[in-house]
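Visitor: Fold the following, please.
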Amino acid sequence: MKTLRKTARTLLAPSLLGLALLDMTLFGSAAQAANTLVPPQGYYTGVEKFKTGKHDFKCEAVPTPYTDKLVFRSKYEGSDGARSTLNRDSEKAFRKATAHITTLERGVSKMVMQYMRDGRPEQLDCTLGWLSSWARADALTSTDFNHTGKSMRKWALGSLSSAWLHLKFSNSHPLAAHQQEAELIENWFARLGEQVVSDWSNLPLEKVNNHSYWAAWSVMATAVATDRRDLFDWSIKEYRVAANQIDAQGFLPNELKRKQRALAYHNYALPPLAMIASFAQVNGVDLRPENNSALKRLGDQVLAGVKDPSAFKSKNGEKQDMTDLKIDSKFAWLEPWCSLYSCSAEVVEK
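Guide: This is a model prediction of the structure:
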């Protein structure tokens, strides 16, 4: 874990996550129009520079919109109930089957970042072209799915909606001349958001884990992108379920089940929860007090576990696999979390 600022800015690095391009200003206050959902202040950042002349940007062919059933093999296929042992053959099959979805996610996130930096019309046009093609095809909306499939849907939606927020709320107003495409894309996001709500609602508590938290984050990003108060309210409701799963010591019982990867999965649960809390805050809902500051306990326990994972071993009897905890981008949750709570100088400077 290096500096807080550097860590948070690598948030787009993890495959399939693609939350947002963060900056410390993202979590400042935002001027909120009456009853209009808004993102934190950093999403209002304008295009850095409008470049002209020769460039090496090339708009790649649109990845084929995925309209088939969302039934994929799990990379943990054959694992026990802990779902902690990677099946490399299954993972290879999963990557192949979901390649077009992953290409869309990563491509859109990358192009939005490029556009916000360079301001080239070709970058924006390509982004809109990719998203419009998938929206017209009504991609990713199949109601024939398994757990891995519905997980792919919410991961993709979280990536795309959070990238879209930079275009929609930028004070450079890049979408002003593209209202028809924007409406098409946002209507598709809304349909996906409604399906994610259906996919992840009313689960028994023993089944509510980090997947549900990521689903709630994808719906939060979509709620703000489409100004849908019903989606916003659902995300808040799911956050409260998550907060009330956090015990008095800051552990998540359903993540402790992941045996040697329990600490890694506690850490993985933090980005969506911290992001939801930060988005709620700027829209007038303070989630910090939920379950006696549960989110703070969770963050504190993970930070302590990174230094000394013995508490996790004491909880579930397993020596912790620290591999993921050596990757800076896995700590992207520190940015929103430290904006909601006071972080010590030790945490900020590490």
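Visitor: what kind of secondary structure is the residue sitting furthest away from the middle of the chain in?
Guide: Within the chain, Gly53 marks the point farthest from the mean C-alpha position, 34.9 Å out by CA atoms, centre = their mean. When classified by DSSP: H, G, I helix; E, B strand; the rest coil, Gly53 comes out as coil.
Visitor: ditto for the one 4 residues further on
Guide: Using three-state DSSP, the three-state assignment for Phe57 comes out as coil.
Visitor: Ramachandran angles for it?
Guide: The phi and psi values for Phe57, taken as degrees, to the nearest 10, are phi -70, psi 130.
Visitor: Tell me how many other residues crowd it.
Guide: 13 (other CB atoms under 10 Å). Heads up, the C-betas are built off the backbone N, CA and C, glycines and all.
Visitor: With Gln41 instead?
Guide: Gln41 has 18 nearby residues by other CB under 10 Å.
Visitor: For Val47, see how far away it is.
Guide: Relative to Val47, Gln41 is positioned 16 Å away (CB to CB, to the nearest Å).
Visitor: Could you verify that Ala280 is part of a helix?
Guide: Yes: under three-state DSSP, Ala280 falls within a helix.
Visitor: pLDDT-wise, which helix or strand of this protein ranks last?
Guide: helix 4-8 (a mean of 37; mean pLDDT, DSSP states H and E).
Visitor: Name the residues of the next helix or strand after that one that come out as buried.
Guide: Beyond helix 4-8 in the direction of the C-terminus, DSSP states H and E gives the next helix or strand as helix 88-97. Judged by neighbour count using 16 or more other CB atoms under 10 Å, the buried positions of helix 88-97 are 90, 93-94, 97.
Visitor: Could you give the number of residues near the nearest residue in space to Val71 that is not next to it in sequence?
Guide: Once flanking residues are discounted, Val71 sits nearest to Asn146: 4.8 Å by CB to CB, 6 or more residues apart in numbering. A count of neighbours around Asn146, defined by other CB under 10 Å, yields 14.
Visitor: from what I can see Asn267 touches Asp324, true?
Guide: Yes: counting by CB atoms under 8 Å, Asn267 touches Asp324, with 7.0 Å between them.
Visitor: Now the common contact residues for the two.
Guide: Lys330 (CB atoms under 8 Å, 6 or more residues apart in numbering).
Visitor: ok, and for stretch 206-217, which residues are buried?
Guide: Using 16+ other CB under 10 Å as the test for burial, stretch 206-217 gives 208-217.
Visitor: ok, so of those, who is nearest Gly129?
Guide: Trp217 (26.4 Å; CB to CB).
Visitor: That closest one sits in which helix or strand?
Guide: helix 210-226.
Visitor: Now do the buried residues in the next helix or strand along the chain from that helix.
Guide: Next in sequence after helix 210-226, counting helices and strands by DSSP H and E, comes helix 229-243. In terms of neighbour count (16+ other CB under 10 Å), helix 229-243 has its buried residues at 231-232, 234-236, 238-239, 242-243.
Visitor: measure Asp300 to Asp144 for me?
Guide: The spacing between Asp300 and Asp144, counted by CB to CB, is 42 Å.
Visitor: what about the two, which has more around it?
Guide: Legend: neighbour count by other CB under 10 Å for Asp300 and Asp144, higher for Asp300 (17 against 9).
Visitor: Just the element for the more buried one, please.
Guide: Per DSSP H and E: Asp300 is located in helix 290-307.
Visitor: elements contacting the next helix or strand after that helix?
Guide: Using DSSP H and E, the helix or strand that follows helix 290-307 towards the C-terminus is helix 310-316. Using 3 or more CB pairs under 8 Å, 6 or more residues apart in numbering; DSSP states H and E, the elements in contact with helix 310-316 are helix 253-256, helix 262-282, helix 290-307.
Visitor: Which one of those lies nearest to Gly107?
Guide: If we rank the helices and strands packed on helix 310-316 by CB to CB, the stretch that ends up nearest is helix 262-282, at 21.3 Å.
Visitor: What is the distance between stretch 240-255 and the centre of its chain?
Guide: Stretch 240-255 has its C-alpha centroid displaced from the chain centroid by 19 Å (CA atoms, centre = their mean, to the nearest Å).
Visitor: That stretch: end-to-end distance?
Guide: Start and end residues of stretch 240-255 are separated by 17 Å (CA to CA, to the nearest Å).
Visitor: quick one: buried residues of that stretch?
Guide: In terms of neighbour count (16+ other CB under 10 Å), stretch 240-255 has its buried residues at 242-243, 245-247, 250-252, 254-255.
Visitor: Tell me the one among the buried residues of helix 229-243 nearest to Leu263.
Guide: Of the buried residues of helix 229-243, the one sitting nearest to Leu263 (CB to CB) turns out to be Ala242, at 17.5 Å.
Visitor: Correct me if wrong: that closest one contacts Trp214.
Guide: No: checked against CB under 8 Å, the pair Ala242 and Trp214 is beyond contact range at 10.6 Å.
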